[in-house]
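Undergrad: okay, here's the prediction I keep looking at, along with the sequence it came from:
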Amino acid sequence: MTSPAIRWRAIAAQITAQIAVLLALAAGAPAATITWDADGTTGGVSDGAGAWLGSNQWWDGASNVNWSSGDDGVFGVGGTGGAVTLSSATTAGSLMFNPFSGTYTLGTSGQTLTLRPMESN
């Protein structure tokens, strides 16, 4: 028969392992760096207006994808900017703007785009 102390140590080890798994999941996957694609229906990227959280409005280098809160966004591929609206609040890990013509307007009245604080080394 197993002593109570040994059973409690086994239970404590299981709980510790489960907490470690939960903490790893909470940390999440690293943010993706994806590029704005106003034309989310064809491969490649294009500047222009659209809905930030619209379906397939971002390009990951291989295919059109959806924005995930916390991703790093890139705007500007040499075309003309536009108004990029938000249907709900979201968070960006970072934003980078490459050359484009015109202007980009980001967001919608009443909705917010939150940038994560930068880490310093």
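TA: Everything's here; your move.

Undergrad: and the helices in this structure, which stretches?
TA: Taking DSSP state H as the criterion, the chain carries its helices at 4-27.

Undergrad: need the strands for it, in chain order.
TA: 33-36, 50-51, 58-59, 64-65, 72-75, 83-85, 90-92, 94-97, 105-106, 113-115 (DSSP state E).

Undergrad: out of those, nearest to Thr42?
TA: Across these, Thr42 has its closest neighbour in strand 64-65 (8.1 Å, CB to CB). No exception for glycine: its C-beta is placed from N, CA and C like everyone else's.

Undergrad: skip the chain neighbours and tell me the closest residue to Thr103.
TA: Gly81 (5.1 Å; CB to CB, 6 or more residues apart in numbering).

Undergrad: distance of that neighbour relative to Pro30?
TA: 28 Å (CB to CB, to the nearest Å).

Undergrad: in the protein, where is pLDDT below threshold?
TA: 1-2, 4-29, 112-121 (pLDDT under 70).

Undergrad: return the most buried member of the strands of the chain.
TA: strand 58-59 (a mean of 24; mean count of other CB atoms under 10 Å).

Undergrad: for that one, packing partners?
TA: Where contact means 3 or more CB pairs under 8 Å, 6 or more residues apart in numbering; DSSP states H and E, strand 58-59 is packed against strand 33-36, strand 64-65.
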